[in-house]
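1. Predicted model follows, preceded by the sequence.
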Amino acid sequence: MGTDRAEGPAPASSAPPAAPPPRRGPFPAWLVEAALLLLLLSATSGLHLLNSLRQFQFHDMSAFMDIGYRIYIGQIPYIDFFYITGPVHPYLTAFFIALAGFGKRAVQAQLCTTNAVAVLAVYLLARRRLPLRPSLLVAAVAGTTFSLPISHPWYDHTAALWLILGIAGVERLLPVRTRRAALAAGLWCGAAAALSLLSKTNVGAGGAAFFLALLLAGEHRLHAILAAVAAGLAVLLGVLVPFSTLEGYLRQSFLDNHVWGRLLKGEGGLAALADTGQGALLLLGIAIGCRAGRPLSVPSRRWAAAAAVAGAAFGLTLLVGWCGGVATEAWHGWLAAQVSLATLAGALRVWPGAHRWTRAWVLLMLAVLTGAGLAAGLGKVNPACGLLLALGGAGGLAAGVTAAGLPPEWRPRFVLFCGVAAASILSAATTSMDPRANSPLIAVELALLWGLLRDADRGSADVPSRVEGGAARMARVGLCVCTLVIGALGLVRAYDLVWFGPYSFADRERSSYAIKAPALAGWRCAPGEGEAFDLAVSYLEANAPRGESLLVLPDMQVLYGVTGRDSYRKSPYAFEYEMYPAPGRQTEEFWEHLRREPPIWVVLHSHREYWIYDLSHLLRWLRLTPFLKERYRPVLDTRQLLILRLRE
């Protein structure tokens, strides 16, 4: 008979104890997130409202308010007035004038709406790959950098808004693996690039380039590119053909426009690298991309990680110098040399299996680019063009080699980041706006970089060496510092109202007068200009019937909308010495219309701050002085304002 065995205690389980359930607050998580996002949107909109009326700049602000007013009253761009780029921004301005009436309310409505859409798009872009807090932080940076530094609707920012929407939409489809996804990505990219191109040519051209690179980095490239071309052409023809403005758009935007000459200057690109933090972000992106690349042999991996640490450390150094205003030639030369170090980090990813001629080519490129950068920085060649060539070549080589080493699922997002950064620099290099106020895409770059860093952390399967761990920490710290400082500097530049230099709010004399005309009441400006403007408004309303024609030059075109009169036809959107109206066909059309239908009233504002707007230069260039003396008599003459009336 068997005996019963005493049952001992049950063996302890080897499984770890269950994690405690997450604490839940009194409100659902989605409601808390929506409330925080709404609070952020309200705060950034409030900042725009407070900042938007602190200074009125009578040349550029008047010009762009007037082109929206022209479309609102039925004028057709390129036919009734001359313009320099696509009509999407004026159409948008006209839409808000129809909603809120001409004046400051329409400006504020357009400004807050476009800013809110940009902040929301950046938040959704970041939230797909990041937790709540960093997503809100990046969205807050968008709120302080997209349009707050100038706090006025501007066509650069309208063009950037379409690119942000395109990026936020296409990023959801990455990586493209199916034909259906390729077609959707192509349609999205093509429509966004076309709308951006029709808002501001240089911004849209950069966007079209990086969308093309993104589609080439995925699968089913042919289908994606054909879909993008079809969508782009549909938008282009849909916007221009109904008003028969296609020929005028092509001629006035590309043949008559002088702005393309700025591509050869390069000063704006240098300022974009030194003053907006683009150099630091590019190096951090390359360092993160190197860390996320395919595994290599241990020695090569350590060399690559060390170079990545050097690039990230330089990014922090650049950031410190950027905050301190360091922008000397030697500093730019050092920048070129360090970009070459980042190139080396990418090149080491393919070095072990590369052919000897490939290795020789990479070494030659490193030597040439570093030498060109140093020579340009030290002033031995053209500093702007030579250095930008060196930086562009080195950065492109670094990005290309780094992208080649990335896993296929990460490569499109890295290509997208590099493309957005390059488009930002192109935009800054081809515009007259201060680059410190012209970085509307920088929050998108931060969102993409944070996503790349998170992917690199998740995808690292092997145990990192001490050097690689240091590289990861350096990249993370550098990105945190960049994000915080870029957001804070957006607020600082918004307070200074950085725009074109002389129009800075730092000069309190330029904002000590409050305009009295009802449409712009309370908008602050320089005393002499504001008093002249209010005097012109009161005189025209008292003495000039609404039906009588009016010509305003060189600036103060806002007089048309404020006094409810038609803007003078066959004139440029803005008058600038030897530029607008463009010499040749535009100038002849302006003169022919002026002789055939001379305006009853002419308002001349004596602008002398910028020589291209100087009234005496402009009248002499357009040969208007004898015409005005012969056909008109002065009825009001002050130090800054001259009003003429057509002789009977």
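-> Ah, there it is.
2. low-confidence ranges in the stretch 351-500 of the chain?
-> For the stretch 351-500 of the chain, the stretches flagged by pLDDT under 70 are 351-406, 429, 456-475, 499-500.
3. if you set the cut-off to 80 instead, what comes out?
-> 351-411, 422, 425-437, 453, 455-479, 481-482, 498-500 (pLDDT under 80).
4. go on, the stretch 501-648 of the chain?
-> Filtered on pLDDT under 80, the stretch 501-648 of the chain yields the residue ranges 501-511, 607-613, 648.
5. can you give me the helices in it?
-> 527-543, 558-563, 585-596, 615-621, 625-631 (DSSP state H, counting those that start in this stretch).
6. for the longest one, packing partners?
-> Contact partners of helix 527-543 among helices and strands, from 3 or more C-beta pairs under 8 Å, 6 or more residues apart in numbering; DSSP states H and E: strand 513-514, helix 558-563, strand 601-605, strand 632-637, strand 641-646. All C-beta spots, glycine's among them, are computed from the backbone N, C-alpha and C.
7. Provide the strand pairings for the fourth one, with the direction of each partner.
-> It refers to strand 632-637. strand 641-646 (antiparallel) (DSSP bridges).
8. List the buried residues for the strand it pairs with?
-> 641-645 (16 or more other C-beta atoms under 10 Å).
9. cool, and stretch 513-521?
-> 513-517, 519-520.
10. which pair in these spans the largest distance?
-> Longest distance between any two of these is 16.1 Å, between 513 and 519; criterion C-beta to C-beta.
11. ok, back up a step: most tightly surrounded among the helices of the stretch 501-648 of the chain?
-> Sort the helices of the stretch 501-648 of the chain by mean neighbour count, taking mean count of other C-beta atoms under 10 Å, and helix 558-563 sits at the top with a mean of 23.
12. which residues are contacting that one?
-> Residues outside helix 558-563 that contact it (C-beta atoms under 8 Å, 6 or more residues apart in numbering): 58, 61-62, 65-66, 69, 97, 102-103, 517, 519-520, 533, 536-537, 540-541, 544, 546, 550, 552, 565-568, 603.
13. Output it in CSV, but only the C-alpha positions, please.
-> C-alpha atoms of helix 558-563 as CSV (Å, rounded to 0.1, in the frame of the first residue of the first chain):
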residue,chain,number,x,y,z
VAL,A,558,-3.6,100.7,-48.3
LEU,A,559,-5.3,104.0,-49.0
TYR,A,560,-7.3,102.4,-51.7
GLY,A,561,-9.1,100.0,-49.4
VAL,A,562,-9.3,102.3,-46.4
THR,A,563,-11.1,105.0,-48.5
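14. which residues of the stretch 1-150 of the chain fall in strands?
-> In the stretch 1-150 of the chain, the strands defined using DSSP state E, counting those that start in this stretch lie at 81-82.
15. Look up how far residue 187 lies from residue 610.
-> Here the criterion is C-beta to C-beta, to the nearest Å. By it, residue 610 lies 43 Å from residue 187.
16. Looking at these two, which is more packed in?
-> Using other C-beta atoms under 10 Å as the criterion, residue 610 and residue 187 rank with residue 187 on top: 19 against 16.
17. What strand or helix carries the more buried one?
-> For residue 187, the host element (DSSP states H and E) is helix 179-197.
18. Tell me which other helices or strands that helix touches.
-> Using 3+ C-beta pairs under 8 Å, 6+ apart: helix 179-197 touches helix 155-170, helix 201-216, helix 221-240.
19. Can you add distance to residue 37 and give the helices of the stretch 501-648 of the chain back as JSON lines?
-> Shown next, in JSON lines, are these (distance: least, C-beta to C-beta, whole Å):
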{"stretch": "helix 527-543", "distance to residue 37": "39"}
{"stretch": "helix 558-563", "distance to residue 37": "35"}
{"stretch": "helix 585-596", "distance to residue 37": "47"}
{"stretch": "helix 615-621", "distance to residue 37": "48"}
{"stretch": "helix 625-631", "distance to residue 37": "56"}
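20. Identify whichever of these lies nearest to residue 77.
-> Nearest of the helices of the stretch 501-648 of the chain (C-beta to C-beta): helix 585-596, 13.2 Å.
21. what's the closest one packed up against?
-> Using 3+ C-beta pairs under 8 Å, 6+ apart, helix 585-596 sits against strand 571-572.
22. rerun that using 10 Å as the cut-off
-> strand 81-82, strand 571-572, helix 625-631 (3 or more C-beta pairs under 10 Å, 6 or more residues apart in numbering; DSSP states H and E).
23. and of the ones you listed, who's closest to residue 416?
-> Short answer: strand 81-82, nearest of those by C-beta to C-beta, at 36.1 Å.
24. Nothing else from me, thank you.
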